[in-house]
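Q: Kindly return the folded structure for what I paste below:
(one chain, ligands or ions: 1)
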Amino acid sequence: MYGVEIWGDENFVIDNETVKVNHLSAPTLLEITQKIRSGGIRGPLLLRFPHLIQKQIDSLYSNFHRAIAENHYQGSFHAVFPLKVNQFPNVIDNIIAYGTPYGYGLEAGSKAELILAMCQTPIGSPITVNGFKDTEMITMGFIAAQMGHNITLIIEGINELESIIEVQSTCKLATPSIGIRLRLHSSGSGTWAKSGGMRSKFGLTTTEILEAMQLLKTNNLLENFTMIHFHIGSQMEEISPLKKALREAGNIYAELKMMGAEKLTNINIGGGLAVEYSQSKKERKNYSLNEFANDVIFSLREIMNSKGVKHPNVYTESGRFIVASHATLITPVLELFSHDYQEHSLRFKEKNPPLIDELRDLNRLLNAKNCIEFMHDALDHQESLLTLFDLGYIDLEDRSNSEILVHLIIKKSLYLMASNPTNESIRLEERFVEHFLINGSIFQSLPDYWGLHQKFPVMPLHKLHIKPIRAANLWDITCDSDGEITFDSKAPLYLHDIDLDNEEYFLAFFNVGAYQETLGMHHNLFDKPTECSVIVTENGYRLEKLHESPHIIEILESIQYNTRSMIETLKNNLQKSDFSDAKEKSDTLLKLEHYLHQNGYLRTTK
Ligand SMILES: *Cc1c(COP(=O)(O)O)cnc(C)c1O
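A: As a prediction, this is how the structure comes out:
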């Protein structure tokens with residue numbers, strides 16, 4: 001079942017032979033894929049499901065609202081979506097549409113993101129600004145406040161507060177709210193834990209916080225100081241570091257209130273809610289959103305009650321949790337690499353070396369009873385035959401026959417042993433693993449796999465009623481040996497033995513909606529995949545906002561080539577070349593132009 005019950009969150013269901021979107025009319029991913037391809041589009045597809053963005057926003061708010069009610073908590077709950085997780089309009093438009101009834105806002109970490117937030121956030125919904133800021137960026141914050149935006153500039157250092165003071169004294173614009181990022185003692189756990197802790201890149205130490213308080217007071221800005229903030233890192237795998245961070249931040253909050261920060265009413269707990277990427281139970285994160293919300297609300301209530309401080313409003317900036325599930329990457333399989341090892345490729349001679357004849361017999365007589373013994377014999381013979389080749393006793397045809405026969409014997413034996421695997425069969429499976437070539441780029445579409453070995457759930461779109469028996473690794477079409485996703489016996493990927501001459505086979509990668517898109521690289525000039533929003537309805541589904549992967553000509557333009565002069569060069573070279581007739585020359589020219597206006601992924605395999 002490819003672990004769909006672990007990572008799928010009931011968003012997808014396997015129904016007999018295929019995987020379906022578990023919503024309303026429940027279309028299959030295969031029919032959606034074929035519909036898009038029927039328009040002639042080839043290469044990888046990124047499918048967006050807006051209903052899954054809505055689901056996550058609803059669940060974030062409902063869990064916190066419930067925790068607040070159950071704990072008789074006096075503060076309110078607010079959230080912003082951190083733009084760095086996914087800035088694309090097809091995502092942000094949905095975030096705003098579904099989030100506005102809740103007052104959901106945006107978080108910005110750069111000038112470009114801040115401009116985006118100022119245009120997209122409804123007036124009144126919160127904007128928070130993190131990251132390093134120069135005077136221009138701080139001025140933008142004042143302009144946003146002047147427009148009526150509910151904006152908080154969260155300072156990462158004393159120098160940013162000094163810039164705020166300077167901008168305020170030199171312009172007549174409204175002053176934004178000010179937040180302070182805390183450099184906490186506690187840090188998160190997992191791959192991205194570096195964002196928290198004393199050695200983190202971000203935030204003010206206790207001494208700096210006291211200094212900031214002093215500066216705020218002497219410059220009459222205490223009025224604007226409304227929020228403290230921390231972020232212990234993305235993809236928090238455990239809840240305990242968050243609890244520690246909450247105790248630390250909660251106590252700092254209470255202390256600052258007692259020091260006279262009267263307008264301070266908000267604690268922003270950053271992001272970090274984890275997404276389940278695992279296809280096997282072992283790596284599961286150890287908490288639910290329900291527990292997370294309870295812990296946040298309960299911890300803050302206890303600290304404030306014991307210090308006699310009013311309960312603060314809670315802000316979150318979770319991004320991965322909100323958008324990871326909404327996007328699925330579909331890649332066609334182009335090739336299976338051991339498919340040369342077929343019975344019909346054998347080239348026997350009148351007289352073959354005796355070891356080859358023996359391999360033939362092993363292959364012919366193999367059955368469930370003798371397969372272990374025959375497999376050992378075959379491996380043994382292969383060693384001998386390779387030695388004979390090195391010494392010049394057998395020729396290239398013999399060597400090819402031995403490769404094919406050994407491969408067939410091992411493959412059949414492993415199949416026969418599949419229900420009763422031994423340590424050895426597992427090891428052999430890894431050695432004789434099939435490589436599936438996918439029409440896509442890991443660098444472009446799954447950069448976190450390349451950079452951090454973050455795995456994403458992957459499965460075929462159909463044939464799910466047939467037990468897959470090929471242990472697989474995946475190769476992408478970049479000319480880079482890092483363009484490979486490997487699996488091992490601890491977390492294997494089994495795929496089907498398919499004949500691509502006669503049928504199509506697609507693999508889907510799930511939970512790819514967070515971070516992957518703008519982190520993606522143009523290695524080998526493979527650009528964004530074709531993307532499309534899938535609106536599932538009661539009776540079917542609609543495809544909206546289809547953007548084909550950039551055409552070759554556009555890709556070259558995007559890296560500053562003058563494509564007009566490139567086309568001239570190509571045309572001139574063709575004009576000057578020898579053609580038997582003029583028509584052939586003009587046809588060739590047309591063909592070339594046609595190729596330039598196709599996307600950069602592969603279209604055919606033969
Ligand atoms: C990246 C970031 C987030 C989002 O983190 P997720 O793990 O995606 O929830 C939130 N706040 C800040 C300050 C960030 O830098």
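Q: Quick check: the residue in the stretch 101-250 of the chain that the ligand sits nearest to vs residue 300, distance?
A: Each residue of the stretch 101-250 of the chain has a distance to the ligand, by Cβ to the nearest ligand atom, and the smallest belongs to residue 234, at 3.1 Å. Every C-beta, even on glycine, is put in place using the N, C-alpha and C of the backbone. Going from residue 234 to residue 300 by Cβ to Cβ, to the nearest Å gives 22 Å.
Q: now do residue 354
A: Distance from residue 354 to residue 300, by Cβ to Cβ: 80 Å.
Q: of those two, who's got more company?
A: More crowded of residue 354 and residue 300, by other Cβ atoms under 10 Å: residue 300, with 26 against 9.
Q: On the three-state scheme, residue 507 is what?
A: Reducing the assignment at residue 507 to three states with DSSP: H, G, I helix; E, B strand; the rest coil gives strand.
Q: how many neighbours does the residue in the chain positioned nearest to the ligand have?
A: For the chain, the residue positioned closest to the ligand under Cβ to the nearest ligand atom is residue 271, at a distance of 2.4 Å. For residue 271, the tally of surrounding residues (other Cβ under 10 Å) stands at 27.
Q: what ranges of the chain fall below the confidence cut-off?
A: 187-200, 282-284, 339-340, 605-606 (pLDDT under 70).
Q: Distance check, residue 448 against residue 146.
A: Here residue 448 is placed at a distance of 39 Å from residue 146 (Cβ to Cβ).
Q: Assign a three-state SS to the residue nearest to residue 20 when sequence neighbours are not counted, would you?
A: What sits nearest to residue 20 in space, not counting adjacent residues and going by Cβ to Cβ, 6 or more residues apart in numbering, is residue 26, at 4.5 Å. When classified by three-state DSSP, residue 26 comes out as coil.
Q: contacting residues around residue 26?
A: With contact set as Cβ atoms under 8 Å, 6 or more residues apart in numbering, residue 26 has these partners: 13, 15, 20, 536.
Q: Now a PyMOL select for only the buried ones of these.
A: Provided next is the PyMOL selection string for whichever of these are buried by 16 or more other Cβ atoms under 10 Å:
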select buried, resi 20+536
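Q: Can I get the contacts of residue 26 in TSV including distance to the ligand and secondary structure?
A: Below are the contacts of residue 26 laid out as TSV (distance: Cβ to the nearest ligand atom, whole Å; DSSP: H, G, I helix; E, B strand; the rest coil):
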residue	distance to the ligand	secondary structure
13	27	strand
15	32	strand
20	28	strand
536	25	strand
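Q: Could you identify the most distant pair in the contacts of residue 26?
A: By the measure Cβ to Cβ, 15 and 536 form the most distant pair in these, at 14.8 Å.
Q: re earlier: which one of the contacts of residue 26 is nearest residue 554?
A: When the contacts of residue 26 are compared for distance to residue 554, the smallest value, 30.6 Å, is given by residue 536; criterion: Cβ to Cβ.
Q: Tell me which residues touch the closest one, please.
A: Listed by Cβ under 8 Å, 6+ apart, the contact partners of residue 536 are 21, 23-27, 49, 51.
Q: residues near residue 439, how many?
A: Using other Cβ under 10 Å as the criterion, residue 439 is surrounded by 24 other residues.
Q: so it touches residue 330, yeah?
A: No. Between residue 439 and residue 330 no contact is recorded; they are 9.7 Å apart, counting by Cβ atoms under 8 Å.
Q: intersection of neighbour lists for those two?
A: Counting by Cβ under 8 Å, 6+ apart, the contacts common to residue 439 and residue 330 are residue 44.
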